[in-house]
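In: here is my input, please return the structure:
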Amino acid sequence: MGGYFKTSSNTCTKCDAGCATCTGTASTCSTCASGYYLSNSKCIACDRSDGSITGVSDCLSCAAPSSNTGPVLCYLMKDSTASNSDPNLSTGAIASISVAVIAVVGGLVGFLCWWFICRGKA
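Out: Below you'll find the predicted structure:
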């Protein structure tokens, strides 16, 4: 029942962390939530090792290997290219670009004025 099990006294008790379903006791998991794999009736986080099963870092969804030895079968990895930095330009970069554009446009306008006014008199 969605992370809970019914005790002998007909009360609902929450399963251990990572268990999607459990039977008998809170620590006896039947199925695991996403991000965990089942090992010896316990749910272990995908990035953690348990006995002969090796966890995989940055794994978001996994299953225990069929032979119960080796690395977990990772179905979904965390995107390693994503960063926490802001993709937008900083204020300093925008100011520098603006100054450079104004300098180039000003230089071009000055040159054209010289070309047509001063050169036209010669």
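In: what is the neighbour count of residue 97?
Out: Close neighbours of residue 97, defined as other Cβ atoms under 10 Å, add up to 11. Quick note: C-beta positions are derived from backbone N, CA and C, even for glycine.
In: again, but for residue 19
Out: 25.
In: beta partners for it?
Out: Beta-bridge pairing for residue 19 (DSSP bridges): residue 32.
In: so who does the most centrally placed residue in the chain touch?
Out: For the chain, the residue sitting closest to the mean C-alpha position, by Cα atoms, centre = their mean, is residue 78 at 4.5 Å. Contacts here follow Cβ atoms under 8 Å, 6 or more residues apart in numbering; on that basis residue 78 touches 58-60.
In: can you map out the helices along the protein?
Out: Assigned by DSSP state H, the chain shows helices spanning 91-113, 119-121.
In: pLDDT averaged over the shortest one - what is it?
Out: So the one you mean is helix 119-121. Across helix 119-121, the average pLDDT comes to 70.
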